[in-house]
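Chemist: What follows is a predicted protein model with its sequence.
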Amino acid sequence: MKKPAVKATAKKTKKGKKPAAKKAVAKRAAEKKREQGKTGPAKTSMKKAANKRTTKPAKEKTAWKITPEISQSVVDIDIWKKGDLKIEHLTVYRTGWIVVDKLPDLSGYNPDEGVSIFDEFEFEEHHVLDGSDETSLFPKELPSEECDRLMALSEEELEGEGWTIESSTRFSGPLVVEEV
C-alpha cells in the first residue's frame, strides 16, 4: 500500500523538472540571441541604475573681471619704429576691463608701473571706454614739419614708408578683481 504514495511523489518530481531536451533547446536559443546582439531584458538592478538621475550639478565655468579702480588708468600705447627713430602715441581711456578664466596672481603687481594686459593675461574679452586724451611723443631729431606730416598719415601709409608698430594696453593703479 505504500506504492501509491511513492508513485505520487514521483509524479510531482516529473512535473517540477524540465526534460533535458527542452533545457538544451532553450539554452541554444538564448545563445543565438546573444550572438545576434539580441539579449533579453536587463536585470532590474541594471534598470534602476540606468533610470537614476545624476545628482552632481554641472560645473559652472568661473571667470574674473579685472578693472582699474581709478579713472583714466587705462592707456593704449602704439610705438612706431623705423631704424633708430621711435614715435610713441598714447591714448588714455576713462575705464576698461578684461575677463580672464582663472583668478590672477597679482602678488607682484606694482600699481605705479601698471601691467601690460596682453603680455600678462590670457583673455578673450576686453573693453576700453571713452578715450579722453591723446598724446604723441616724437624724437628730438625730427623737425616739427616732419612730425606734423607723420601725424597726418594713416597706419597703412606709415607701414608703406617702412614704419613698424608695437602695441600694448596697460592698466595702472589699484586693480579691482571680481568674480563674474
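Modeler: Noted; the coordinates are in hand.
Chemist: Val99: neighbouring residues, count only.
Modeler: By other C-beta atoms under 10 Å, the residues close to Val99 number 15. For every residue, glycine as well, the C-beta is placed using N, CA and C.
Chemist: Is it within a helix or a strand, and which one?
Modeler: strand 85-100 (DSSP states H and E).
Chemist: for the first helix or strand past that strand going along the chain, packing partners?
Modeler: Counting by DSSP H and E, the next helix or strand C-terminal to strand 85-100 is strand 115-116. Of the remaining helices and strands, those touching strand 115-116 by 3 or more C-beta pairs under 8 Å, 6 or more residues apart in numbering; DSSP states H and E are strand 164-171.
Chemist: Could you list every helix and strand in contact with whichever helix or strand comes after the strand it packs on?
Modeler: Heading C-terminal from strand 164-171, the first helix or strand you meet, by DSSP H and E, is strand 175-179. Applying 3+ C-beta pairs under 8 Å, 6+ apart, one finds that strand 175-179 makes contact with strand 64-68.
Chemist: List the buried residues in the strand it packs on.
Modeler: 64, 66-68 (16 or more other C-beta atoms under 10 Å).
Chemist: now swap in stretch 119-133 and tell me
Modeler: 120-121, 123, 126, 128.
Chemist: remind me which residues of this protein are low pLDDT?
Modeler: Applying pLDDT under 70 to the chain picks out residues 1-60.
Chemist: repeat that for 80
Modeler: Per-residue confidence for the chain (pLDDT under 80) gives these ranges: 1-61.
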